[in-house]
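**Student:** Just a sequence and a predicted model for now, questions to come.
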Amino acid sequence: MRKKAAVNIVFKLVLTVLFIFLFSSVSLNATVRIEPSRHILTLYPDVRVTETISVTNQTGETLDLIANFYDWNLNERYELETYPSGTLESSLEGLFRFNPRNFTLSPGETQIVRFTIHIPEEKNNIERRGIIFVEHEENMDEEGIGATILTRIGTTVYAIPGDFNFAFNLRDKQVVKNNQNQIFGAYLTRNIGDIHLRFTLEYSLINANGRKIEEGKVEEKVLLPGMERGIIVPLNSQLEPGDYQMVSRFKFPGSLEILDDIISFTVEQ
């Protein structure tokens, strides 16, 4: 069994189909609300884990709903893409079941949906992930043209082997200037571990006299195993010629680990 690794500085055929993806716990056009928006589960061999999602009908109509499970990954733009369950190596296909899967909700009513994950020991060797979509189909007939609107509201699921941890690598860093003389801090990050990780970046800009002249924060980013991701931080201050330091702190939600870094640079005349 692998040991824990530490933070390392090194879319019925119809004319139109509308897919609405929602990955947070807020409502979309007052349709259906799901909470929570994300499940991060630790799975040990042959141990069943049962979790719940809360589904609320926020419309004025009775809705027939179905819960479906899909694989997902991040594309080159770090956007979530879905696939039929069983497509990806990281799939939870065959390891996942709902109770209930089909249900009807009256206006204002809430349904608790339970899902159970059971991973045999021989398959509990990688992080597995999926997305639960609660789906509703609405048939429309406008000017004699049939159409179906499929609304999907989703919550992501991560199933992490119990003996694994994240490992973060800051591969490169520099301060750069573009053709419009805008200055940016640039970082190349990589997940060199076996499970996904999340991080935020806090930064300060310090002048040669040690005075802080700017500070900010980069919102939470996700890195899947083996993924590299560039982080660009635009500096908003008008910098006079001189020496500066960009002081950064990487934080990892759910962990006490931090990574501090400094980029020293000079603004020329």
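**Tutor:** Cool, got the structure. Residues are numbered from 1 along each chain as shown.
**Student:** mind checking how far the most centrally placed residue in the chain is from Val113?
**Tutor:** The centroid of the chain falls nearest to Val222 when counting by CA atoms, centre = their mean (5.5 Å). For Val222, the distance to Val113 equals 24 Å [CB to CB, to the nearest Å]. Placement of C-beta: from N, CA and C, glycine included.
**Student:** for Ser255, same thing?
**Tutor:** The gap separating Ser255 from Val113 is 30 Å, by CB to CB.
**Student:** In the stretch 1-150 of the chain, where is pLDDT below threshold?
**Tutor:** By pLDDT under 70, the low-scoring segments of the stretch 1-150 of the chain are 1-30, 140-146.
**Student:** Domain-wise, how is the chain divided?
**Tutor:** Following the assignment in automatic domain parsing, the chain carries domains at 17-161, 168-267.
**Student:** show me the biggest strand of this protein in terms of residues.
**Tutor:** Using DSSP state E, we find that the single longest strand of the chain is strand 145-161.
**Student:** can you give me the helices in the chain?
**Tutor:** In chain order, the chain shows no helices, with DSSP state H as the criterion.
**Student:** how long is stretch 42-61 from one end to the other?
**Tutor:** End-to-end distance for stretch 42-61: 38 Å, by CA to CA, to the nearest Å.
**Student:** which other residues reach it?
**Tutor:** 27, 30-36, 39, 41, 63, 65, 103, 105-121, 124, 128, 132, 134, 155, 159-162 (CB atoms under 8 Å, 6 or more residues apart in numbering).
**Student:** circling back: tell me which residues in the longest strand of the chain are buried?
**Tutor:** By neighbour count on 16 or more other CB atoms under 10 Å, the buried set for strand 145-161 is 150-161.
**Student:** which one of those residues is nearest Leu74?
**Tutor:** Proximity of those to Leu74 (CB to CB) peaks at Thr156, which lies at 11.0 Å.
**Student:** which residues pair with the closest one across the strands?
**Tutor:** Thr156 has these beta-bridge partners by DSSP bridges: Arg38, Ile131.
**Student:** Tell me the bridge partners for Ile262.
**Tutor:** Residues in beta-bridge contact with Ile262 (DSSP bridges): Val247.
**Student:** One more: Tyr203?
**Tutor:** Where Tyr203 sits in a bridge, its partners, by DSSP bridges, are Gly216, Ser248.
**Student:** That one is in contact with Met246, isn't it?
**Tutor:** Yes - using CB atoms under 8 Å, Tyr203 is in contact with Met246, at 6.1 Å.
**Student:** Compare the two and say which one has the larger neighbour count.
**Tutor:** Taking Tyr203 and Met246 together and counting by other CB atoms under 10 Å, Met246 has the greater number of neighbours (23 against 20).
**Student:** Kind regards, and thank you for your time.
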